[in-house]
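Trainee: Would you be able to build a 3D model of this:
(2 chains)
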Amino acid sequence: MPKLGQPIEKLAGLLEGSTATPVMVPSRLAPSAIYDVEYRTAVIALLFERFAKPFGIAGHRRISAAKLKLLQFVTFRPWLLPAIREWSKGPDQGSLELTYSMRIRRGFLSDTAHEDVIDLLAACGIFVRAKNHLVTGERAGELAKIAASVQEKKLFDSELQLISKLEEIPLTNGMLEGW
Amino acid sequence: MIHLKKIEVRGKAEAGDFSGALEFAGGLQVISAKNAYGKSLAVKSVAWCLGLEPIFGNADNDPIRLPEAVREDLELAGRKSRVISSECTVTVEDDKGRQLEITRAITGGDPRLIVVREIEPKATPRVSKLVARRLTMQDEHGGFQRFLFDWLGWPRIEVPTFRATGAQIYLENLAPLFYIDQDEGWTNIQALQISRYGQLEIGEIAVEYLLGAMQGLKARIDRLTANQRAAELKESAKMIEVQLNDEMSRHGWHVEWSSHGSLVDIVKRWSKRTLRDVLQKEASVDLDSRQVDLAKRIEVLRKALTTEPLDVNNVNAPVAVSQNAIELKKKRHVLNQDLSTFNSQLSETRTLLESLEHRIHAASDLLRLKTTGVGRLDHLECPTCHRDLNPEVFGLTSQSAESVGAHIEALKSDRELIRNNQEALSGNVKGAIATIAQVDSDLRDAERALKTVTSAVGPVREQIAATAAELSGAERELDRVSDAAKEIEDFQSSIDRWIADARSSVAAAESTVDQTGIREAFVGALRKYLVALGHSAVKENNAREVTLDEQYIPFMNGRRLRALGSASDQSRLVAAYSLALAATAQQIDGKYPGFLIMDEPLQQNPDKKHRDLFLEFLTKELAQKSKFQTLVFTWLSDAEIGILRKQGTTVITPPGEHFLQLPKPASSGKLVIPSTAATAEPKKLG
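Mentor: Alright, predicted model coming up:
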């Protein structure tokens, strides 16, 4: 909040000479929840729990990094669900299905906040990057704990409902190209 | 008023028949018997015979509250014996000498029925079988409470409830004020009052009923009903608003007719202007003028068609009719474009609203995460060097709970705006659809007119055909305007009716009745009894500070009396309240039944100091000379009995070890029920 307040203070300074009266509305300065690292981590935990598959013999699990990126992108934006469903149904899974694929692809490819969260989780030892996949790291248990506690306390249930719907939509390699 | 004359319990056990009885006179009676004698059985028999089991939280017709001795096993002469059947009878007598014997089976019979024997001087006794609980007040012919209220001359009064179903004042609503049960009755004033029926303000209603404050009671019930009606009226106002706005949109008229605010606000707003005024001012629609104009136009067209001369050289008729059709087509096209835009905007708005709902939900969950810690990473640290990791280094932020809360508020504010936008767009869509329907209809008329005019031969016929089509259109338009005017009239009638209802409801909600006299009499008696019973906070010199609030709750110097004094004063307050109510009702001809049962008042404060205080009260004139019957069930030592009797207080000491006894054969061979009459003081019992 204080960080956000500074540009406003600057603006107030600029307007000082004018007849305008700067009014600060704190609720309008609050950033969206979508930029919160904890919200994103919780959603990634739920997605990883549902979509990651066993990998190797040491009990590890992994998920395609692009798939996770697309899944979380839609989970935060449920209004995209019909679009991704149609895109998935498309004859060539997206390459020529411009109506749906372009909109989503443009959005999710530029979702750098997700990459930042994955970097943080990798730095914490929760994920290990393995080529195009994310594999469970030595502290991956923390992520499982988050997923379990969130479900137990019925937090983010609308996101969970959406994740259930996403499970029914096949995400093909074609849809994940170019990330 | 009535008094209890006799309590009897009898039955059959494997060991033989058993029975017990207690007889009473009027005024104060102290029934002293040791613990386990069976006093509780006698007291609870009264509640059972009157069908009062709901006050103990028991199911209807369930005698579980009565001791096992009359339900399962009876121990007689040191031997347990299974009870085969049992029943109890309570006899009451009124001031005119009419008696009522009320008998109800406990076990081995049908506890759902109460057998009532009416005994009147110089008349043959009449026996009726009545239903104890089910529809007991509603059943005109078979309900026990219905019968009892009629016999007592008590009015039946409907009281509003929290639920849609109505209720009346039942005996179990009044009983907590004349039947003080030893287990719970002493914990608070009306501790056994029933709340599960959902009757509103039943505690206050019970007090007013017993005081006979019928006008005040009516005003209270009217006010409660009015408050409930106010909620219904708010709903109906909303319905009128929705229907009216729909209708206005259908005609393509935009008016503001809102049902927001309190009932008084709505009445004020809706009575300020009529619908026609609003239509004229906000939608520039004057139905009266339109009707007049159309009527004039129809008249002119009729004349033109029938009597006015025609210009044989005028060939413009087909052109004008054709032009009209073209204009209408253009108009429809524009309207369809508008409708398409509105629909598209509405769809986008709905999506936006859904998205906002999701975002509010997500942010609310995030706030829970922030405040409870559920779903949080415990510690962000590098697994190799164990240094703390700062999310900001990764370009990420972890928001504070305050920030998330502020974000939620902003989202809610946005949602409100979008909802308003959605409502406005819905109105636009409805309006556009209505206008298109109207234009479609006009276009069909215009096309028909064009067909007729183009098929007419010669300018004269063309003019006649065009005028006829125009006349037909004007007549239809007049019909439509007349219908709309009729609808507006209907709405105005509904609104007027609503305003009248709301005004009477508001007036009823504000109605009060001056009950100062009754209230003063009650509070005066309460002060006297509190002092006489030795309430530690109420003395002769400050008793005047005791008051009653609107709910008949005793206060003293702005504090609840319940919160003043010591814990031992609780039972004194309960006793004083019931005694004062009985005394006041006696004084002002109220509906108090005429007897007050106090079960084990001394057990509430068993130490000597408090026993002495209560015993002292029993020797006072206030207690002894009351015109109503006070039955105190307790145990007193021989010395205490001696003191009380010396001071003139009636003490009944029932014979034998137990209330229930095996009957002794009389010389005639008939069974004789053991009674207290022989062992109480005969001169006092009369």
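
Trainee: Output the contacting helices and strands for the strand ranked longest in chain B.
Mentor: Determined from DSSP state E, the single longest strand within chain B is strand B:79-94. When contacts are defined as 3 or more Cβ pairs under 8 Å, 6 or more residues apart in numbering or on different chains; DSSP states H and E, strand B:79-94 sits against strand B:2-13, helix B:39-49, strand B:73-76, strand B:99-107. Where you see a C-beta, it was placed from the backbone N, CA and C, and this is true even at glycine.

Trainee: Please work out which residues outside stretch B:490-500 touch it.
Mentor: If you take Cβ atoms under 8 Å, 6 or more residues apart in numbering or on different chains as the criterion, stretch B:490-500 is touched by B:233, B:236-237, B:240, B:243-244, B:247, B:267, B:270-271, B:274-276.

Trainee: Extract the CA atoms of that stretch and return them as CSV.
Mentor: Output of stretch B:490-500 as CSV, limited to C-alpha atoms (Å, rounded to 0.1, in the frame of the first residue of the first chain):
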residue,chain,number,x,y,z
ASP,B,490,-55.2,-0.6,-12.5
PHE,B,491,-51.7,0.0,-11.3
GLN,B,492,-52.8,3.3,-9.7
SER,B,493,-55.6,1.3,-7.9
SER,B,494,-53.1,-1.2,-6.6
ILE,B,495,-50.8,1.6,-5.5
ASP,B,496,-53.7,3.4,-3.7
ARG,B,497,-54.7,0.2,-2.0
TRP,B,498,-51.1,-0.4,-1.0
ILE,B,499,-50.8,3.1,0.4
ALA,B,500,-54.0,2.7,2.4
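
Trainee: List the buried residues in that stretch.
Mentor: Neighbour counts over stretch B:490-500 (16 or more other Cβ atoms under 10 Å in any protein chain shown) mark B:491, B:494-495, B:498-499 as buried.

Trainee: between those, which is nearest B:K12?
Mentor: B:W498 (65.7 Å; Cβ to Cβ).

Trainee: Would you mind naming the helix or strand containing that closest one?
Mentor: Secondary structure assignment for B:W498, by DSSP states H and E: helix B:458-510.

Trainee: cool, and B:L596?
Mentor: Going by DSSP H and E, B:L596 is part of strand B:595-599.

Trainee: got the angle between that strand and strand B:79-94?
Mentor: Here the directions of strand B:595-599 and strand B:79-94 differ by 150 degrees (axes from the mean of the first three to the mean of the last three Cα atoms, to 10 degrees).

Trainee: which other helices and strands contact the helix or strand following strand B:595-599?
Mentor: Using DSSP H and E, the helix or strand that directly follows strand B:595-599 along the chain is helix B:608-618. Other helices and strands packing on helix B:608-618, by 3+ Cβ pairs under 8 Å, 6+ apart, are helix B:516-533, helix B:638-646.

Trainee: Residues in contact with the helix or strand where A:I163 lies: which ones?
Mentor: Using DSSP H and E, A:I163 sits within helix A:157-167. By Cβ under 8 Å, 6+ apart, the residues outside helix A:157-167 that reach it are A:43, A:46-47, A:50-51, A:71, A:74-76, A:78, A:81, A:84, A:151, B:358, B:361-362, B:365.

Trainee: same check, this time on stretch B:360-368
Mentor: A:32-34, A:36, A:38-39, A:76, A:153, A:155-159, B:374, B:399, B:401, B:404-405, B:407-408, B:411-412, B:415.
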